[in-house]
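Novice: next one to model:
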Amino acid sequence: MEEGGSSERNDRVRQRVGLVYDEKMCNHNTPDGEDHPECPDRIRVIWNKLRNSGLIDRCVVLNAKEAEDKYVQSVHSKRHVDLIRNISSKRFDSRRDRTASKYNSIYFNKGSSEAAYLAAGSVIEAADKVAKGELNSAFAIVRPPGHHAEENEPMGFCLFNNVAVAASYLLNERPELGIHRILIVDWDVHHGNATQKMFWKDSRVLFFSVHRHDFGCFYPGTDDGSHTMIGEGPGEGYNINVPWEHGRCGDADYFAAWDHVLIPVVKEFNPDMIIVSAGFDAAVRDPLGGCCISPYGYSVMLRKLMDFAQGKILLSLEGGYNLQSLADSAHACVQVLLDEKPIIGSSEAYPFESTWRVIENVRQKLSVFWPSLSDELPKKLTSQKASTPQPLTDVSSESESEDIEEAIKSIIQPLSELKFDEDQKDDSASWRTEHKLTDIWYASFGSNMWKPRLLCYIQGGQVEGMQKPCSGSMDRSPPKDVMWKTVPHRLFFGRDYTNTWGPGGVAFIHPESSPVEKAYICMYKLTLEQFNDILFQENCSSCDADAPWFSSEALNAIKNRGSVSIVKGGWYHNVVFLGEEQGVPILTMTCDLHDVQAFKSLEVPQCAPSNAYVNTLIRGLSEGGQLSEEEVLAYIDKAAATSL
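Specialist: Numbers count the residues shown, from 1 in each chain. Have a look, this model is predicted:
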């Protein structure tokens, strides 16, 4: 009788699900203990949720192992591996912070090296067990995350590209395991830029990334996440990007991407194994993502994938910065891996109009490679759509998360069974109230020297030559004063295209001063709140933010530090202190030293500005009484012609 138990119980026994976690990965933290979105509690809350619910007892707990250099170097350069191996050693004690500042959104401390090696090694270990058939599936609860880590540099909180290391290990080191085709699904809210590049020419890997893109303005802030980026050579057609045009996308939008892009292609690709770059920062209430997937939504997306590759699936944690949403979403996914029914929920409304537009663009671009995408979606389907979302700008600091949920529901989709914690506050208004009381001089050196252009950032709209309008600041009061001066910084023009001005470079000033250089700046006296709203817009983010990027605390610190590089994307993420005028601090925003090096090496081109951009500079400097039109042109020509 014991051997003849129910088939349901036997099915569950056969679902051997692996979990890997190691507390030592929590030793990677900010060097000064300051709060940071990518914090140790991210993996702790997942582990505690699984333990308290009893799911850990039903899984196979694997020991975390450090990756071997030879496996990491299959996707990273030796120089990069050497850096991460040694960054926590004593010889870096005096320059660890300075080294981190060279990179985009990176910190290091004495626990970083071990954590990075454990994260990559744990994903390898879990991948190996699943590939061998010792486990049906697994979830690597690891940090730091990986999908932004490029071949030769860390980036975006990521040190080693854990998923790419594991995929390369299976394909190149263990061919006898029979894993010859791997599907990598990246559902993190940010584009998996580095994973894309590592398999750009490899037809053995189908890389699928669905992410918030905002026309190249959302982090990582490049065009790499465009639907037109489809791979090259043997890998052409094996890179699929589904780039959302805005935030607020939720279950209905992601289900549409699964049903009308991913699933048809996976049926044709027929992978031997699936690896999910499982970021949960597209979850509802995530402070960085701005999207609205529910735990139910994640469970359904994963359940749909389990129909392929004999269910051989590995999840590797990427982002996710609201601890409650992160834990709930990860828990829902482990339930699915254990072959439980998806958690109770529903998605009764429709995708956004823009979602159908994105999906149709992706299908059209990829149809030559995947015949299943060649048919036009029926109008009856695509006509079922929600309206384009508008920013939530009127939520007070006293609002409970219950109110936020209702606002989201009314705009996005009814999720009838979804429950939220009711003790979370929205502090978006409180920081604005405080920052209205502090004045700064915003020093502009590019198109914002022309006041009508600057007012686009304050009052909304666009001027001649701009490709798209600005949203404007929450506080639309005009500048309190305007002044001109010169500063000892190098002006130069970089990039070859921007979404605001089209083809051509845009202005930067070197963040470090030089006595032989001179750049003109127009200073506007604004509030610290308005400065943050310009910072948001310059870096292509919505002004609907829960917290400032440049706080009053940062304002106090910058007077000693000289500059503060914020942990966001975009090209103007480095705030530089230029002194004081009338006792009021002068701030500008430009690139950081790491970006300068990219311009020097021509990794990012230096490029003369377009005529439209030049015209704004002429108007700014000439109408401001600084230079004649001929002198402005000479000023621009010199800056554009002289290499860094």
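Novice: may I have the host helix or strand of Ala327 as CSV, with CA atoms only?
Specialist: If you go by DSSP states H and E, Ala327 is part of helix 323-337. Only the C-alpha atoms of helix 323-337 are listed here, as CSV (Å, rounded to 0.1, in the frame of the first residue of the first chain):
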residue,chain,number,x,y,z
LEU,A,323,12.0,43.1,-0.5
GLN,A,324,8.4,42.1,-0.1
SER,A,325,7.6,41.8,-3.8
LEU,A,326,11.0,40.1,-4.3
ALA,A,327,10.3,37.4,-1.7
ASP,A,328,6.7,36.8,-2.8
SER,A,329,7.6,36.5,-6.5
ALA,A,330,10.5,34.2,-5.9
HIS,A,331,8.3,32.0,-3.6
ALA,A,332,5.7,31.8,-6.3
CYS,A,333,8.3,30.6,-8.7
VAL,A,334,9.6,27.8,-6.4
GLN,A,335,6.0,26.7,-5.9
VAL,A,336,5.7,26.2,-9.7
LEU,A,337,9.0,24.4,-9.9
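Novice: state the mean pLDDT of that helix.
Specialist: The average pLDDT for helix 323-337 rounds to 97.
Novice: for Ala283, give me its contacts.
Specialist: For Ala283, the contact set (Cβ atoms under 8 Å, 6 or more residues apart in numbering) comprises 289, 291-295, 298, 320, 322, 325-326, 328-329. C-beta coordinates here come from the backbone N, C-alpha and C atoms, glycine included.
Novice: buried residues in the helix or strand just after the helix holding Ala327?
Specialist: Downstream of helix 323-337, the first helix or strand assigned by DSSP H and E is helix 353-366. Residues of helix 353-366 classed as buried under the neighbour-count rule (16 or more other Cβ atoms under 10 Å) are Ser354, Thr355, Trp356, Val358, Ile359, Glu360, Val362, Arg363, Lys365, Leu366.
Novice: returning to what we had before: using TSV, lay out the contacts of Ala283 together with distance to Tyr613 and neighbour count.
Specialist: Listed next are these as TSV, based on distance: Cβ to Cβ, whole Å; neighbours: other Cβ atoms under 10 Å:
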residue	distance to Tyr613	neighbour count
Gly289	32	28
Cys291	33	25
Cys292	36	29
Ile293	38	27
Ser294	43	26
Pro295	46	26
Tyr298	43	28
Gly320	38	30
Asn322	39	23
Ser325	41	28
Leu326	41	25
Asp328	46	26
Ser329	43	28
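Novice: which parts of stretch 42-54 are buried?
Specialist: Arg42, Ile43, Arg44, Val45, Ile46, Trp47, Lys49, Leu50.
Novice: restricted to helices, list those.
Specialist: Arg42, Ile43, Arg44, Val45, Ile46, Trp47, Lys49, Leu50 (DSSP state H).
Novice: tell me where the model's unsure across the stretch 51-200 of the chain.
Specialist: Along the stretch 51-200 of the chain, no part satisfies pLDDT under 70.
Novice: in it, which spans are helices?
Specialist: 69-72, 78-86, 96-100, 112-132, 162-168, 193-198 (DSSP state H, counting those that start in this stretch).
Novice: give me the contact list for the shortest one.
Specialist: With contact meaning Cβ under 8 Å, 6+ apart, helix 69-72 is reached by Val81, Arg85, Tyr117, Ala120, Ile124, Phe160, Val165, Ser168, Tyr169, Glu173.
Novice: just the buried residues from the residues you listed, in PyMOL please.
Specialist: Entered in PyMOL, the line below selects the buried ones among the contacts of helix 69-72, by 16+ other Cβ under 10 Å:
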select buried, resi 81+117+120+124+160+165+168+169
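Novice: about what we covered before: mean neighbour count, the helices of the stretch 51-200 of the chain: which tops it?
Specialist: Mean neighbours per residue, mean count of other Cβ atoms under 10 Å, is largest over the helices of the stretch 51-200 of the chain for helix 162-168, with a mean of 30.
Novice: show me what it is packed against.
Specialist: Judged by 3 or more Cβ pairs under 8 Å, 6 or more residues apart in numbering; DSSP states H and E, the packing partners of helix 162-168 are helix 69-72, helix 112-132, strand 182-186, helix 193-198, strand 273-278, strand 313-317.
Novice: what's the closest of the ones you listed to Ala507?
Specialist: The minimum distance between Ala507 and these falls on helix 193-198, with 25.1 Å, by Cβ to Cβ.
Novice: following the chain onward from that closest one, which element is next?
Specialist: As assigned by DSSP H and E, the chain's next helix or strand after helix 193-198 is strand 205-212.
Novice: what is the mean pLDDT for that next one?
Specialist: Throughout strand 205-212, pLDDT has a mean value of 98.
Novice: and that strand, how far from the chain's centre?
Specialist: 13 Å (Cα atoms, centre = their mean, to the nearest Å).
Novice: dump the next helix or strand along the chain from it to CSV, restricted to CA.
Specialist: Counting by DSSP H and E, the element after strand 205-212 in chain order, helix or strand, is strand 239-244. C-alpha atoms of strand 239-244 as CSV (Å, rounded to 0.1, in the frame of the first residue of the first chain):
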residue,chain,number,x,y,z
ASN,A,239,18.7,37.5,-30.2
ILE,A,240,15.2,38.7,-29.4
ASN,A,241,14.4,41.9,-27.5
VAL,A,242,10.9,42.9,-26.5
PRO,A,243,11.4,46.6,-25.4
TRP,A,244,8.5,48.2,-23.6
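Novice: got the contact list for strand 239-244?
Specialist: Strand 239-244 is contacted from outside by 191, 196, 199-200, 206-214, 225-227, 229-231, 253, 257, 261-262, 265, 291, 354-355, 358-359, 362, 366, using Cβ under 8 Å, 6+ apart.
Novice: how distant is that strand from the center of its chain?
Specialist: 14 Å.
Novice: before we move on, what about stretch 535-552?
Specialist: 15 Å.
Novice: same question for stretch 459-468.
Specialist: Centroid separation between stretch 459-468 and its chain, computed with Cα atoms, centre = their mean, is 26 Å.
Novice: got it, and stretch 601-610?
Specialist: Taking Cα atoms, centre = their mean, the mean C-alpha location of stretch 601-610 is offset from the chain mean by 24 Å.
Novice: tell me the mean pLDDT over that stretch?
Specialist: Stretch 601-610 shows a mean pLDDT of 89.
Novice: returning to what we had before: using CSV, lay out the ones in helices among the buried residues of stretch 42-54 together with pLDDT and distance to Gly237.
Specialist: Conversion of those to CSV gives the following (pLDDT from 0 to 100; distance: Cβ to Cβ, whole Å):
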residue, pLDDT, distance to Gly237
Arg42, 98, 35
Ile43, 98, 35
Arg44, 97, 41
Val45, 97, 39
Ile46, 98, 35
Trp47, 98, 39
Lys49, 96, 39
Leu50, 97, 38
